[in-house]
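[1] give me coordinates for this.
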Amino acid sequence: MTYQELINQILQLQDDGLEIFNAGKSVLGKNILATHVGDYSGVQILIQGGIHAREYITSLLLVEQARNLFLNNSIKSGGIYFIFLTNPDGAELVLDGLNNIPCDITKQYLTIANNSSTDFSLFKANINLVDLNTNFDANWGEGAQNVRCPSTEDFIGFYPESEREVKSLIDFTLRVKPLLTISYHTKGEVIYYGFTGQNEQSVARDLAIGESFSELTGYPLIFTENSTGGYKDWCIQKLTIPSYTFEVGNENLPHPITIENLPEIYMKNKDIPLVALNKAIEYQKEIDFIPILEQNIVKGESYEPHGRSISSRLCSLLKRRSAYRSSNSKK
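    Numbering: from 1, shown residues only. All right, here's what the predicted structure looks like:
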């Protein structure tokens, strides 16, 4: 499969009547493609895949899930957002190699990081050599496998939320306000739930919902330990909503999992989106989507992950804009 063939699989949903739109941009300016199934009113959930470059099979899984829901008119209340490929630059590198990289310097540092090999089939990061699922501001840098140097996997970035793809996913999430999220990864056939610092009530809630997913897929449910900085972690810590990571594909399969394995993966996960939406509807009275920033504003406090108050950041921004305009007016 080539990268364009992967994108074509997503775009073909338009032939079925689904609208494809952009949820954001990658470092190299590629569109992060998404769709919505159901009603835009009522409870919403969000399902995303392809945040790790070699895990593009999850993008194809989401395509089949969205098609199945839409063609069967399965959703009776609420809606589901699907973000198919959160890391398009990385997926293109895995599928097409360096062919479409526009800059020779970028090609050089990618090759050096890849042990001087031009075979990028095991690559996980984005084009900046950041592992996007370690770059979210949720106990950033405290994971057991985190590394602090650019790498094909596990590099957390030089600071949290440094990457354009991460910012795009955060902005989109804050805009659509899902009451539950699912991230699809490979491999291992397990489901991770929960995060450090959750209160007992929310852990119990997330466990109860997760047990429904486990029963449906046959995947064991595991509480997250020694892993931080992921999208799931950020959703739980910052938004206080149930969020899950599904690792699909048998552990014995080699990376990257190929399209031949999609039918089995799909059959185990076909009904997960609808069950997830119905569970979010069932538990909606126990779920408050209030970002930490909004909570602190309500309390009359300021929140800034790097220690600066909102007011000081605004002042700095205004000063920079004023200086820029003054400089340009003299030219």
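[2] low pLDDT regions in this structure?
    Residue ranges of the chain with pLDDT under 70: 292-331.
[3] quick check: longest strand in it by residues?
    Assignment by DSSP state E gives strand 31-38 as the longest strand of the chain.
[4] what are the ranges of the helices in this structure?
    3-11, 57-71, 88-96, 104-113, 164-176, 200-217, 231-239, 262-269, 272-282, 292-298, 310-329 (DSSP state H).
[5] buried stuff in the second one?
    The one in question is helix 57-71. 57-70 (16 or more other C-beta atoms under 10 Å). Backbone N, C-alpha and C define where each C-beta goes, glycine included.
[6] kindly report the same for the fifth one.
    Within helix 164-176, the residues that count as buried by 16+ other C-beta under 10 Å are Arg164, Glu165, Val166, Ser168, Leu169, Ile170, Phe172, Thr173, Val176.
[7] what does it contact?
    23-27, 32, 34, 44, 46, 48, 51, 81, 83, 86-87, 89, 126, 132, 135-136, 161, 181, 231, 234-235, 239, 291 (C-beta atoms under 8 Å, 6 or more residues apart in numbering).
[8] just the buried ones from those?
    Burial by neighbour count, judged by 16+ other C-beta under 10 Å, picks out 23-24, 26-27, 32, 34, 44, 46, 48, 51, 81, 83, 86-87, 89, 126, 132, 135-136, 161, 181, 231, 234-235, 239, 291 from the contacts of helix 164-176.
[9] strands - which of these land there?
    Judged by DSSP E, these include Ala23, Gly24, Ile32, Ala34, Gln44, Leu46, Gln48, Tyr81, Ile83, Thr181 as members of strands.
[10] measure the fifth one to Glu163 for me?
    Distance from Gln44 to Glu163, counting by C-beta to C-beta, to the nearest Å: 24 Å.
[11] ok, the last one next?
    With the distance defined as C-beta to C-beta, Thr181 ends up 18 Å from Glu163.
[12] show me which pair in the buried residues of helix 57-71 is furthest apart.
    Using C-beta to C-beta, the buried residues of helix 57-71 span at most 20.7 Å, a distance reached by Ile57 and Phe70.
[13] among the helices of the chain, which is nearest Ser77?
    Of all the helices of the chain, it is helix 272-282 that lies closest to Ser77, at 6.3 Å by C-beta to C-beta.
[14] what's that closest one packed up against?
    Identification of packing neighbours for helix 272-282 by 3 or more C-beta pairs under 8 Å, 6 or more residues apart in numbering; DSSP states H and E yields strand 44-49, helix 57-71, strand 79-83, strand 181-186, helix 200-217.
[15] what about it, distance to the chain center?
    Offset of helix 272-282 from its chain centre (C-alpha atoms, centre = their mean, to the nearest Å): 19 Å.
[16] can you check what angle separates that helix from strand 181-186?
    150 degrees (axes from the mean of the first three to the mean of the last three C-alpha atoms, to 10 degrees).
[17] and helix 272-282, which residues are buried?
    In helix 272-282, counting by 16+ other C-beta under 10 Å, buried: Ile272, Pro273, Leu274, Ala276, Leu277, Asn278, Lys279, Ala280, Ile281.
[18] in TSV: those, plus distance to Glu251.
    Compiled in TSV, the buried residues of helix 272-282 are given as follows (distance: C-beta to C-beta, whole Å):
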residue	distance to Glu251
Ile272	19
Pro273	24
Leu274	27
Ala276	24
Leu277	29
Asn278	29
Lys279	27
Ala280	29
Ile281	33
